[in-house]
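Visitor: Just the structure for this:
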Amino acid sequence: MVETMTTSVQPSQDKWFDKIPAHIRYPGMILFFLLGSVLAQMILLNSALSDGGAQVEPDYYQRSVEWDSEKDALLRAQSLGEGLTLMDTPDGFEFKAMNAQNQPITLAEGEVVLSRPHLSEDVATYALKDLPRGEHQGLKIPRHASETPGLWDITFSFKDAQGNSYLKTFRREW
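Guide: Below you'll find the predicted structure:
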(Lines give C-alpha, C1' and ligand atoms only; values in the text may rest on other atoms or scores of the structure.)
Protein backbone atom coordinates (compact mmCIF):
# COMPACT_ATOMS: atom_id res chain seq x y z
CA MET A 1 0.00 0.00 0.00
CA VAL A 2 1.33 3.28 -1.04
CA GLU A 3 0.53 6.24 1.00
CA THR A 4 0.40 9.55 -0.66
CA MET A 5 1.08 12.61 1.24
CA THR A 6 -0.30 15.81 0.04
CA THR A 7 0.98 19.02 1.37
CA SER A 8 -0.53 22.26 0.46
CA VAL A 9 1.51 25.38 0.52
CA GLN A 10 -0.40 28.26 2.05
CA PRO A 11 0.71 31.82 1.31
CA SER A 12 1.76 33.67 4.43
CA GLN A 13 -1.27 35.34 6.01
CA ASP A 14 0.71 37.05 8.74
CA LYS A 15 0.05 40.72 9.14
CA TRP A 16 2.66 43.16 10.34
CA PHE A 17 1.06 43.54 13.76
CA ASP A 18 0.94 39.77 14.23
CA LYS A 19 4.71 39.81 14.18
CA ILE A 20 4.75 41.96 17.35
CA PRO A 21 4.59 39.74 20.42
CA ALA A 22 1.30 39.89 22.34
CA HIS A 23 2.95 40.97 25.60
CA ILE A 24 4.10 44.15 23.78
CA ARG A 25 1.23 44.64 21.30
CA TYR A 26 -1.76 44.87 23.69
CA PRO A 27 -0.19 47.17 26.31
CA GLY A 28 1.10 49.28 23.37
CA MET A 29 -2.43 49.60 21.97
CA ILE A 30 -3.73 50.68 25.38
CA LEU A 31 -0.98 53.29 25.68
CA PHE A 32 -1.64 54.48 22.11
CA PHE A 33 -5.37 55.07 22.79
CA LEU A 34 -4.69 56.60 26.20
CA LEU A 35 -2.12 59.06 24.79
CA GLY A 36 -4.43 59.84 21.84
CA SER A 37 -7.25 60.68 24.24
CA VAL A 38 -4.98 62.90 26.36
CA LEU A 39 -3.73 64.65 23.21
CA ALA A 40 -7.29 65.25 22.00
CA GLN A 41 -8.26 66.71 25.40
CA MET A 42 -5.22 69.00 25.37
CA ILE A 43 -6.13 70.28 21.90
CA LEU A 44 -9.70 70.89 23.05
CA LEU A 45 -8.52 72.72 26.18
CA ASN A 46 -6.11 74.84 24.15
CA SER A 47 -8.80 75.86 21.67
CA ALA A 48 -11.23 76.69 24.51
CA LEU A 49 -8.68 78.98 26.17
CA SER A 50 -7.60 80.68 22.96
CA ASP A 51 -8.95 84.04 21.78
CA GLY A 52 -11.34 82.43 19.27
CA GLY A 53 -13.61 80.88 21.89
CA ALA A 54 -16.71 82.25 23.57
CA GLN A 55 -16.12 85.67 25.12
CA VAL A 56 -17.64 87.21 28.22
CA GLU A 57 -19.49 90.44 27.44
CA PRO A 58 -18.76 93.29 29.83
CA ASP A 59 -21.77 94.80 31.65
CA TYR A 60 -24.08 92.14 30.21
CA TYR A 61 -26.32 92.09 33.29
CA GLN A 62 -26.72 95.88 33.40
CA ARG A 63 -27.53 96.01 29.69
CA SER A 64 -30.13 93.27 30.10
CA VAL A 65 -31.78 95.16 32.96
CA GLU A 66 -31.93 98.35 30.86
CA TRP A 67 -33.14 96.49 27.75
CA ASP A 68 -36.84 96.83 28.58
CA SER A 69 -36.70 100.59 29.00
CA GLU A 70 -34.60 100.97 25.84
CA LYS A 71 -37.02 98.78 23.88
CA ASP A 72 -40.00 100.81 25.12
CA ALA A 73 -38.30 104.06 24.08
CA LEU A 74 -37.50 102.58 20.66
CA LEU A 75 -41.10 101.42 20.12
CA ARG A 76 -42.43 104.82 21.24
CA ALA A 77 -40.04 106.58 18.84
CA GLN A 78 -41.10 104.28 16.00
CA SER A 79 -44.79 104.85 16.69
CA LEU A 80 -44.26 108.63 16.68
CA GLY A 81 -42.41 108.25 13.39
CA GLU A 82 -45.53 107.12 11.53
CA GLY A 83 -46.19 110.69 10.35
CA LEU A 84 -42.85 110.92 8.59
CA THR A 85 -42.76 110.79 4.80
CA LEU A 86 -39.99 110.54 2.25
CA MET A 87 -40.53 111.74 -1.30
CA ASP A 88 -38.23 110.96 -4.23
CA THR A 89 -36.98 113.99 -6.11
CA PRO A 90 -34.65 114.05 -9.14
CA ASP A 91 -31.63 115.19 -7.13
CA GLY A 92 -32.28 113.33 -3.89
CA PHE A 93 -35.02 112.88 -1.33
CA GLU A 94 -37.24 115.23 0.56
CA PHE A 95 -38.19 114.34 4.11
CA LYS A 96 -41.30 115.76 5.74
CA ALA A 97 -42.26 115.38 9.41
CA MET A 98 -45.91 115.89 10.40
CA ASN A 99 -47.59 115.18 13.73
CA ALA A 100 -50.94 113.44 14.26
CA GLN A 101 -52.79 116.74 13.64
CA ASN A 102 -51.01 117.03 10.25
CA GLN A 103 -48.92 120.00 11.40
CA PRO A 104 -45.17 120.24 10.77
CA ILE A 105 -42.95 119.06 13.58
CA THR A 106 -40.28 121.47 14.77
CA LEU A 107 -37.04 119.50 14.64
CA ALA A 108 -34.61 120.26 17.47
CA GLU A 109 -31.77 117.84 16.80
CA GLY A 110 -31.09 114.61 15.00
CA GLU A 111 -29.48 112.92 12.04
CA VAL A 112 -30.13 111.17 8.77
CA VAL A 113 -28.11 108.03 7.99
CA LEU A 114 -27.75 106.55 4.50
CA SER A 115 -26.71 102.90 4.57
CA ARG A 116 -26.70 99.78 2.47
CA PRO A 117 -28.41 96.77 4.11
CA HIS A 118 -25.64 94.37 3.09
CA LEU A 119 -22.82 96.55 4.50
CA SER A 120 -21.99 96.90 8.16
CA GLU A 121 -20.89 100.54 7.92
CA ASP A 122 -23.03 103.60 7.23
CA VAL A 123 -22.38 105.22 3.86
CA ALA A 124 -23.21 108.80 4.88
CA THR A 125 -24.53 110.65 7.93
CA TYR A 126 -26.10 114.11 7.82
CA ALA A 127 -27.00 116.31 10.80
CA LEU A 128 -30.54 117.67 10.44
CA LYS A 129 -29.39 121.26 11.05
CA ASP A 130 -27.10 121.04 7.99
CA LEU A 131 -29.82 120.02 5.53
CA PRO A 132 -31.49 122.68 3.31
CA ARG A 133 -35.25 123.07 2.85
CA GLY A 134 -36.78 121.48 -0.26
CA GLU A 135 -39.60 122.58 -2.58
CA HIS A 136 -42.25 120.90 -0.41
CA GLN A 137 -40.99 122.58 2.79
CA GLY A 138 -39.31 119.35 3.84
CA LEU A 139 -35.65 118.66 4.46
CA LYS A 140 -33.69 117.95 1.29
CA ILE A 141 -31.39 114.90 1.50
CA PRO A 142 -28.84 114.62 -1.30
CA ARG A 143 -28.08 111.27 -2.86
CA HIS A 144 -24.64 110.12 -1.89
CA ALA A 145 -21.96 110.99 -4.45
CA SER A 146 -20.63 107.45 -4.71
CA GLU A 147 -24.04 105.84 -4.85
CA THR A 148 -24.45 102.64 -6.75
CA PRO A 149 -27.75 101.19 -7.89
CA GLY A 150 -29.29 98.87 -5.38
CA LEU A 151 -31.08 98.77 -2.05
CA TRP A 152 -30.57 101.66 0.40
CA ASP A 153 -31.83 102.36 3.92
CA ILE A 154 -32.49 105.96 4.95
CA THR A 155 -32.86 106.24 8.73
CA PHE A 156 -34.13 109.37 10.47
CA SER A 157 -33.63 109.76 14.20
CA PHE A 158 -34.40 113.09 15.82
CA LYS A 159 -36.03 114.91 18.70
CA ASP A 160 -38.65 117.62 18.46
CA ALA A 161 -38.84 120.81 20.51
CA GLN A 162 -40.82 119.01 23.27
CA GLY A 163 -38.14 116.32 23.63
CA ASN A 164 -40.06 113.47 21.93
CA SER A 165 -37.82 111.05 20.05
CA TYR A 166 -38.67 109.95 16.52
CA LEU A 167 -37.22 107.07 14.56
CA LYS A 168 -38.12 105.88 11.08
CA THR A 169 -36.27 103.86 8.46
CA PHE A 170 -37.22 103.97 4.78
CA ARG A 171 -35.95 101.37 2.33
CA ARG A 172 -35.55 102.54 -1.26
CA GLU A 173 -34.10 101.01 -4.38
CA TRP A 174 -32.50 103.15 -7.06
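Visitor: What residues does residue 172 make contact with?
Guide: 86, 88, 93, 151, 152, 154 (C-beta atoms under 8 Å, 6 or more residues apart in numbering). Bear in mind the C-beta positions are built from the backbone N, C-alpha and C, glycine included.
Visitor: May I see the ChimeraX selection of the buried members of these?
Guide: Here is the ChimeraX command that selects the buried residues among the contacts of residue 172 (16 or more other C-beta atoms under 10 Å):
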select :86,93,152,154
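Visitor: Mind putting the contacts of residue 172 into TSV with pLDDT and secondary structure?
Guide: As requested, the contacts of residue 172 are exported to TSV (pLDDT from 0 to 100; DSSP: H, G, I helix; E, B strand; the rest coil):
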residue	pLDDT	secondary structure
86	80	strand
88	76	strand
93	74	strand
151	83	strand
152	82	strand
154	84	strand
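Visitor: Out of the contacts of residue 172, which is nearest to residue 21?
Guide: residue 151 (72.6 Å; C-beta to C-beta).
Visitor: Setting aside sequence neighbours, what's the nearest residue to residue 153?
Guide: residue 115 (4.8 Å; C-beta to C-beta, 6 or more residues apart in numbering).
Visitor: Check whether residue 149 sits in a helix, strand or coil.
Guide: coil (DSSP: H, G, I helix; E, B strand; the rest coil).
Visitor: I figured it hits residue 116, correct?
Guide: No: using C-beta atoms under 8 Å, residue 149 makes no contact with residue 116, being 11.1 Å away.
Visitor: Break this structure down into its structural domains.
Guide: Following automatic domain parsing, one gets these domains for the chain: 17-49, 70-173.
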